[in-house]
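> Would you be able to build a 3D model of this:
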Amino acid sequence: MGNEIVLESTIEYSSVRISLNQMKYLLYKYILPLNELNIRLSDGEQIQISSETLINLLLTKLSRNQLLELIHMFQIINSRKSNIKHYLEYILHGISM
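Predicted structure coming up:
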């Protein structure tokens, strides 16, 4: 009864009150330390993308809710002392499709 763990299956990101500038700041906080990312495209070509370009790409291609979910995942990954690079590469593959 008192020892039950309640897991919220979905988070309602539309109710999160955060400005675009605050989201930009958080993206910079997590992505800027990566400097550059090497991404392999589906055709095998490998491109190099700067952190600044990557942040601008995310801001233009993702909706507000998607950005909030992405930042939330970055926070979870960071709290586990892991690197966001592989998750970010996965997201970029989805954007480029």
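> And the residue lying closest to S14 once chain neighbours are set aside, how far from M73?
Take S14 and drop its neighbours on the chain: the residue closest to it by CB to CB, 6 or more residues apart in numbering is N65, 5.9 Å away. From N, CA and C alone the C-beta is placed, and that goes for glycine too. Computed as CB to CB, to the nearest Å, the N65 to M73 distance reads 13 Å.
> Same check on I55?
Taken as CB to CB, the span from I55 to M73 is 15 Å.
> hmm, back to that, what packs against the host helix or strand of the residue nearest to S14?
Element membership for N65, per DSSP states H and E: helix 64-79. Here helix 64-79 touches helix 20-31, helix 51-61, helix 85-96, going by 3 or more CB pairs under 8 Å, 6 or more residues apart in numbering; DSSP states H and E.
> where does this protein dip in pLDDT?
1-13, 41-42, 96-97 (pLDDT under 70).
> Just the C-alpha atoms of the helix holding N65, please, in PDB.
What follows is helix 64-79, C-alpha atoms only, in PDB (Å, rounded to 0.1, in the frame of the first residue of the first chain):
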ATOM      1  CA  ARG A  64       7.800  23.200 -28.500                       C
ATOM      2  CA  ASN A  65       6.600  20.000 -26.900                       C
ATOM      3  CA  GLN A  66       9.300  18.000 -28.700                       C
ATOM      4  CA  LEU A  67      12.000  20.400 -27.500                       C
ATOM      5  CA  LEU A  68      10.700  20.100 -24.000                       C
ATOM      6  CA  GLU A  69      10.800  16.400 -24.200                       C
ATOM      7  CA  LEU A  70      14.300  16.500 -25.600                       C
ATOM      8  CA  ILE A  71      15.500  18.800 -22.800                       C
ATOM      9  CA  HIS A  72      13.900  16.500 -20.300                       C
ATOM     10  CA  MET A  73      15.700  13.500 -21.700                       C
ATOM     11  CA  PHE A  74      19.000  15.400 -21.600                       C
ATOM     12  CA  GLN A  75      18.400  16.100 -17.900                       C
ATOM     13  CA  ILE A  76      17.700  12.400 -17.300                       C
ATOM     14  CA  ILE A  77      20.800  11.300 -19.200                       C
ATOM     15  CA  ASN A  78      22.900  14.000 -17.500                       C
ATOM     16  CA  SER A  79      21.700  12.900 -14.000                       C
END
